[in-house]
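Student: Okay, here's the prediction I keep looking at, along with the sequence it came from:
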Amino acid sequence: MAYYDEDQVFIAEAIRDTLNHNSSNAMSAEFLAKTLFICNSLDQIVTLQLQGARDSIWLNIGSSFDVASGVNTYQTVSDYFPYYRIQAQCSSTPTSGNLDVWVIKK
């Protein structure tokens with residue numbers, strides 16, 4: 001049986017503005033392969049940017065990507081950093097729904 005771990009970094013995040021929202025941090029530890037599992041029940045498109053850090057300096061990993069309203073999707077990550085977080089932003093203010101994101105590590 002394969003061993004994995006996961007951190008939920010956005011837990012029912014009710015975004016109601018167009019500001020950047022930072023998730024909680026996920027710790028990578030010895031895991032190299034990671035998948036972001038994203039559930040967007042917001043009534044707007046959300047733009048996500050994965051960031052990584054080795055200490056307190058956060059760097060963007062790859063390009064930002066959009067997740068449509070009402071969509072569950074995933075994104076794979078092959079870059080290694082000890083810590084991960086996600087920035088979420090909507091270009092139009094959502095009025096309902098929330099955002100859930102997990103970092104699944106294997």
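Tutor: Noted; the coordinates are in hand.
Student: from here on, contacts and neighbour counts on C-alpha atoms
Tutor: OK.
Student: Mind checking what helix or strand follows the helix or strand of the chain with the lowest mean pLDDT in sequence?
Tutor: Lowest mean confidence among the helices and strands of the chain (mean pLDDT, DSSP states H and E): strand 26-27, at a mean of 92. Using DSSP states H and E, the helix or strand that follows strand 26-27 in sequence is strand 34-40.
Student: quick revisit: centre of the chain to the least confident helix or strand of the chain, how far?
Tutor: Centroid separation for strand 26-27 versus its chain: 11 Å, with C-alpha atoms, centre = their mean, to the nearest Å.
Student: how about the strands in the protein?
Tutor: Secondary structure of the chain, counting by DSSP state E: strands at 5-13, 21-22, 26-27, 34-40, 46-53, 58-60, 65-67, 71-77, 83-89, 99-105.
Student: could you check the angle strand 34-40 makes with the first one?
Tutor: Read it as strand 5-13. Inter-element angle recorded for strand 5-13 and strand 34-40: 20 degrees (by axes from the mean of the first three to the mean of the last three C-alpha atoms, to 10 degrees).
Student: Neighbouring strands - and their directions - for strand 5-13?
Tutor: Counting by DSSP bridges, the strands paired with strand 5-13 are strand 99-105 (antiparallel).
Student: Quick one: residues in contact with the strand it pairs with.
Tutor: Under the contact criterion C-alpha atoms under 8 Å, 6 or more residues apart in numbering, strand 99-105 has outside partners 4-15, 26, 28, 31-42.
Student: switch to 7 Å and redo it
Tutor: Residues outside strand 99-105 that contact it (C-alpha atoms under 7 Å, 6 or more residues apart in numbering) are 4-14, 26, 31, 33-42.
Student: What subset of the residues you listed is buried?
Tutor: Among those, those classed as buried by 16 or more other C-alpha atoms under 10 Å are 6-10, 12-14, 26, 31, 34-42.
Student: Next, count neighbours for the nearest residue to residue 25 once chain neighbours are set aside.
Tutor: Nearest non-adjacent residue to residue 25, counting by C-alpha to C-alpha, 6 or more residues apart in numbering: residue 85, 4.9 Å away. Applying other C-alpha atoms under 10 Å, we find 22 residues neighbouring residue 85.
Student: Okay then, goodbye and thanks.
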